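A.B. asks: Got a predicted structure plus its sequence, pasted below:
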Amino acid sequence: MVLFNYENIGFLSKYSQEIYYGCLAITAIVAIVMLIFAFKKRGFFKKIWGIFLAVVVGAGLYLGSGWLQGYTETANEIYKKYQKAYENGAVQIVTGKVEDFAESDAYHKKTFTLNGVAFTVYSSYVSTSLGGSPVLYYVYSEDSSFYTSGTSSSFGHWTYVPEKCVITGNGQNLEIHYLEEDGEKRILYIKELGN
């Protein structure tokens, strides 16, 4: 069973360039159609008003397309970089049982070895606080809790959110695809194998 795959990102992030070009094409078509209707109108002021609307709508669609592309651009670049790494054979694959599993609360990380290869996985808290950019390699979410205030007829309460980590401890049989990057082993794919 696949536990993590870097390719499981949102549609907008995965295809941001294609969506951007599609939005530009739609923008051009809408602006041209609006201009054609504007020039077919009778009266000088109706034509000017139609041209003005075509320019405003076209500019709005163009700016919206650029915003949409910029919103997902970083994730798309990382996704394409990892795709190229697979194509170029830079991604390494290791299988085996997890050994030497250890957790460190102070550094929000877990360490383990798989068939002699040492790995460190960090929490999503550490990953976002270091760079803030979308991370497509494997991170885990730490446990947390939050307080929900009550209404006039009920009291508030604490809600506990358990940790989510696919690496559960020693003896877990895994296949991991990873890439050496910035002095770290970036995990791109984790599959749990049968015993």
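C.D. replies: Cool, the structure landed.
A.B. asks: Provide a list of residues in contact with Glu180.
C.D. replies: Gln92, Arg186 (CB atoms under 8 Å, 6 or more residues apart in numbering). From N, CA and C alone the C-beta is placed, and that goes for glycine too.
A.B. asks: so when I look at it, I'm seeing a strand, right?
C.D. replies: Yes. Membership of Glu180 in a strand is supported by DSSP: H, G, I helix; E, B strand; the rest coil.
A.B. asks: what pairs with it across the strands?
C.D. replies: According to DSSP bridges, the partner residues bridging Glu180 are Lys185.
A.B. asks: and the helix or strand containing Trp49, what other elements does it pack with?
C.D. replies: Using DSSP states H and E, Trp49 maps to helix 44-87. With contacts defined as 3 or more CB pairs under 8 Å, 6 or more residues apart in numbering; DSSP states H and E, the secondary structure elements packing on helix 44-87 are helix 11-14, helix 16-40.
A.B. asks: Touching the longest one from outside, list them.
C.D. replies: Applying CB under 8 Å, 6+ apart, the external contacts of helix 16-40 come out as 12, 46-47, 49-51, 53-55, 57-58, 61-62, 64-66, 68-69, 72-73, 75-76.
A.B. asks: ok, 7 Å please
C.D. replies: Applying CB atoms under 7 Å, 6 or more residues apart in numbering, the external contacts of helix 16-40 come out as 12, 47, 50-51, 53-54, 57-58, 61-62, 65, 68-69, 72-73, 76.
A.B. asks: Farthest pair within the residues you listed?
C.D. replies: The span of those, defined through CB to CB, is set by Lys47 and Asn76 at 40.9 Å.
A.B. asks: Compare neighbour counts for those two and give me the winner.
C.D. replies: Just comparing Lys47 and Asn76: by other CB atoms under 10 Å the higher neighbour count belongs to Asn76, 21 against 16.
A.B. asks: related to what we said a few turns ago, please check the contacts of helix 16-40 and keep the buried ones.
C.D. replies: Burial of the contacts of helix 16-40 was assessed by neighbour count (16 or more other CB atoms under 10 Å); the buried members are Lys47, Gly50, Ala54, Gly58, Leu61, Ser65, Gln69, Thr72, Asn76.
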